[in-house]
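> 3D, please:
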Amino acid sequence: MSFRRRIALAAAAAVAIAVVLASLLVYVLTANQLHGQVDNQLRSRARETRRLQRLFAVGALKIGPNGAASIVVSAPSAFAIAAKESESDIPGKVHEKGAGRRGRATSESDLGDEESRRPGSLFGKLPPNPDEARGYQQVVDSNGKVLARSAPSVTIPVDPRTALLAERGGAPFFRDATVRGVHMRVLAEPFGRNRAAELALPLTETDSLLGRLRLLLVLIVVGGIALAALLGRIVAGAAMQPLKRLTQTTEHVTRTQDLSGRIEQAGEDEIGRLATSFNAMLDALGRSMSALDESVSSQRQLVADASHELRTPVTSVRTNIELLQQLGPQMDAEEHRRLLDDVVGQLEDLTVLINDLIDLARGEDPADDVEDVRLDALVEEVVQKARVRAGASLEMDLEPAVVSGVPARLERAVSNLIDNAVKYSPAGSPVEIRLHGKELTVRDHGPGIADEDLPHIFDRFYRGADARKRPGSGLGLAIVRQVAAQLGGAISAEPAPGGGTLVRLRLPGLEAVRPETGDDSAAARKPAGVRP
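Coordinates of the predicted model:
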């Protein structure tokens with residue numbers, strides 16, 4: 001099942017449940033209201049019945065054998081007393097809330113309505129008030145025998161509770177009964193000693209009204225469910241539009257590998273945030289693809305440049321070895337030695353080039369190789385080696401500082417900077433090396449770098465016009481830039497005041513430390529991982 005259909009079904013189900021519950025609530029409240037009105041009419045009629053009960057109690061009224069009532073002439077005063085006592089119960093003066101005048105049921109004539117008005121009937125003396133319906137009444141004893149009734153042809157069923165009420169008395173109660181196929185509401189209450197009165201009203205009109213209400217509510221429920229299904233489909237379609245656009249964009253990216261497509265953000269809801277996240281993912285993926293393309297292009301260029309650079313020394317070494325192989329016995333000792341020295345020198349250059357290529361081809365340094373390095377001690381050791389190797393004049397001004405990195409890589413970068421400065425410094429001129437704050441600077445007093453070469457001196461295999469006459473592969477400064485980038489720093493070169501070149505290596509992670517006390521020798525300050 002599709003997600004759109006599930007949303008439509010969920011929305012339709014929610015609306016359908018709400019419609020059904022509302023319909024049930026309306027039906028229950030209406031039924032309670034209608035039945036409450038019938039109960040109020042029965043209570044009002046019961047007050048007149050209690051007036052007759054008082055007349056019986058004082059002997060002013062008697063029930064004959066056929067259920068007819070007669071006034072006892074010898075007790076006129078008692079009758080007057082009973083009538084006076086019952087003035088407060090006249091229904092025209094007391095109205096229960098919710099009770100209103102209602103017409104009699106259409107089926108009442110079928111149950112003996114005319115007989116209920118016969119002269120002499122006990123209940124014929126109780127004409128209905130404006131807020132009452134006549135209904136049917138009867139008096140029964142504790143054995144369930146009917147003593148009097150308003151309609152001789154209509155007998156209200158006597159249940160055990162009514163007989164018990166006549167025998168023991170108690171509180172009045174309501175019940176439902178069926179009389180000759182007609183549904184009635186019955187009120188039973190005590191009627192003197194060993195007697196009970198039952199008052200009934202037909203529920204024909206009420207049941208008919210409730211039946212029509214049930215049919216109307218069923219139609220409303222069915223129509224509501226149908227409307228809910230339609231609205232659910234419409235709502236699901238509207239809700240699915242952003243997801244549809246997201247799906248189309250995803251399919252387009254999968255099919256064409258085009259990362260330029262974006263989803264229009266509509267609102268700040270969950271779908272809007274999803275669109276924003278998807279666009280951010282496309283941006284990140286685009287950057288990753290660009291970086292990957294750049295990396296692949298850079299690797300291809302590195303391989304091409306390396307092939308070109310390796311071709312010359314390899315060819316030279318091969319040529320010299322072939323000469324030694326062919327003409328070795330015919331050469332004098334001096335020429336033989338010179339040719340061998342040339343081969344050895346070319347092999348050394350080839351070894352340096354291969355090592356530089358290996359360093360450049362390395363990615364990020366493994367986390368296990370990173371450690372805190374005393375950069376001032378490392379620079380001092382590199383300077384000492386350069387003095388021995390080149391015999392150059394090197395001046396140092398170093399502040400104690402620590403940086404996190406791979407010692408061997410840091411040593412290689414610093415060595416390349418110093419060797420490059422020594423290579424371009426005139427004989428006898430000093431190379432100044434300073435370590436202050438977060439920056440290592442190396443300044444030479446050579447001819448400087450041409451303006452057109454200055455932006456490219458840190459590129460791989462780049463060699464200016466003057467540099468091509470000197471030994472080297474053009475990878476030394478490229479390695480320095482790679483190490484600086486791995487440490488989050490940067491490398492730059494600029495003309496130095498008074499001539500020469502000033503190279504700046506900036507390392508944000510460089511932290512100054514207090515000078516060590518006691519043994520202040522280079523060995524004591526030598527960083528881990530750096531060989532003497």
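> shaky segments in the stretch 101-250 of the chain?
Filtered on pLDDT under 70, the stretch 101-250 of the chain yields the residue ranges 101-134.
> Packing partners of the longest helix seen in the chain?
Looking across the chain with DSSP state H, the single longest helix is helix 270-327. Under the contact definition 3 or more C-beta pairs under 8 Å, 6 or more residues apart in numbering; DSSP states H and E, helix 270-327 sits against helix 204-256, helix 333-361. To be clear about C-beta, it is placed using only N, CA and C from the backbone, and glycine gets the same treatment.
> Need the mean per-residue confidence for the next helix or strand after the last one.
What that stands for is helix 333-361. Sequence-wise, the next helix or strand downstream of helix 333-361 (DSSP states H and E) is strand 371-374. Averaging pLDDT along strand 371-374 yields 90.
> How far does strand 371-374 sit from its chain's centre?
Put simply, strand 371-374 sits 45 Å off its chain's centre (C-alpha atoms, centre = their mean, to the nearest Å).
> Flag every buried residue along it.
373-374 (16 or more other C-beta atoms under 10 Å).
> partner strands of it, parallel or antiparallel?
The strands beside strand 371-374 in its sheet (DSSP bridges) come out as strand 401-405 (antiparallel).
> Would you mind listing the outside residues contacting the partner strand?
Contact with strand 401-405 is made by 365, 370-376, 410, 435, 483, 486-487, 507, 509-513, as judged by C-beta atoms under 8 Å, 6 or more residues apart in numbering.
> Now that strand: buried residues?
401-403, 405.
> Same list (the residues you listed) but as JSON lines, adding distance to Met289 and pLDDT.
Shown next, in JSON lines, are these (distance: C-beta to C-beta, whole Å; pLDDT from 0 to 100):
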{"residue": "Ala401", "distance to Met289": "39", "pLDDT": "92"}
{"residue": "Val402", "distance to Met289": "38", "pLDDT": "93"}
{"residue": "Val403", "distance to Met289": "33", "pLDDT": "92"}
{"residue": "Gly405", "distance to Met289": "30", "pLDDT": "88"}
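> Map the structural domains onto the sequence of this structure.
Domain assignment for the chain by automatic domain parsing gives 3-212, 270-360, 367-512.
> So Leu375 sits against Leu510, correct?
Yes: with contacts counted by C-beta atoms under 8 Å, Leu375 reaches Leu510, the gap being 6.6 Å.
> The two: who's more crowded?
Remark: of Leu375 and Leu510, Leu375 carries more neighbours, 26 against 22, as counted by other C-beta atoms under 10 Å.
> since we're on the spatially closest residue to Leu217 that is not a sequence neighbour, how many residues are nearby?
Sequence neighbours aside, Ser23 is the residue nearest to Leu217 in space, at 4.2 Å (criterion: C-beta to C-beta, 6 or more residues apart in numbering). Applying other C-beta under 10 Å, we find 19 residues neighbouring Ser23.
> coming back round to it: nearest to Gly224, of the buried residues of strand 401-405?
Lowest distance from Gly224 to these (C-beta to C-beta) belongs to Gly405, with 73.0 Å.
> That closest one bridge partners, please.
Here Gly405, judged by DSSP bridges, has bridge partners Glu371.
> returning to that earlier point: how about the buried residues of strand 401-405 in JSON lines, adding distance to Arg149?
Putting the buried residues of strand 401-405 into JSON lines (distance: C-beta to C-beta, whole Å) gives the following:
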{"residue": "Ala401", "distance to Arg149": "119"}
{"residue": "Val402", "distance to Arg149": "115"}
{"residue": "Val403", "distance to Arg149": "115"}
{"residue": "Gly405", "distance to Arg149": "114"}
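> what's the closest of the residues you listed to Leu340?
Nearest to Leu340, judged by C-beta to C-beta, of these is Gly405 at 39.9 Å.
> any idea how far Val370 is from that closest one?
Using C-beta to C-beta, to the nearest Å, Gly405 is found at 6 Å from Val370.
> Ok, which of the domains of the chain comes nearest Leu219?
Here domain 3-212 is closest among the domains of the chain (C-beta to C-beta), at 10.0 Å.
> For the closest one, measure first residue to last.
40 Å (C-alpha to C-alpha, to the nearest Å).
> again, but for stretch 494-508
20 Å.
> What are the buried residues along it?
Under the neighbour-count criterion of 16+ other C-beta under 10 Å, stretch 494-508 has 496, 500-507 buried.
> next one: stretch 324-337
Buried residues in stretch 324-337 (16+ other C-beta under 10 Å): His336.
> okay, now Val28: neighbour count?
Using other C-beta under 10 Å, Val28 is surrounded by 10 other residues.
> quick one: it is in a strand?
No: under DSSP: H, G, I helix; E, B strand; the rest coil, Val28 falls outside any strand and is assigned helix.
> Would you mind telling me which of the domains of the chain is nearest Leu246?
Of all the domains of the chain, domain 270-360 comes closest under C-beta to C-beta, at 6.0 Å.
> Let me see the mean pLDDT of the closest one.
Averaged across domain 270-360, the pLDDT comes to 76.
> where's that domain relative to the chain centroid, distance-wise?
A distance of 51 Å separates the centroid of the chain from that of domain 270-360, by C-alpha atoms, centre = their mean.
> how far does stretch 157-168 sit from the chain's center?
66 Å.
> Can you tell me what sits against it?
140-144, 146, 170, 172-173, 175, 177-179, 188-191, 194-196, 198.
> contacting residues around Gly448?
495-496, 499-501.
> now, which of those residues sits nearest Thr351?
Thr501 (27.2 Å).
> can you give me phi and psi for the closest one?
phi -130, psi 140 (degrees, to the nearest 10).
> Correct me if wrong: the residue nearest to Leu217 contacts Val221.
Yes: under the criterion of C-beta under 8 Å, Ser23 makes contact with Val221 at 5.3 Å.
> Using neighbour counts, pick out the buried residues of stretch 387-397.
Using 16+ other C-beta under 10 Å as the test for burial, stretch 387-397 gives 392, 394.
> So which residue is smack in the middle of the protein?
Glu270 (6.7 Å; C-alpha atoms, centre = their mean).
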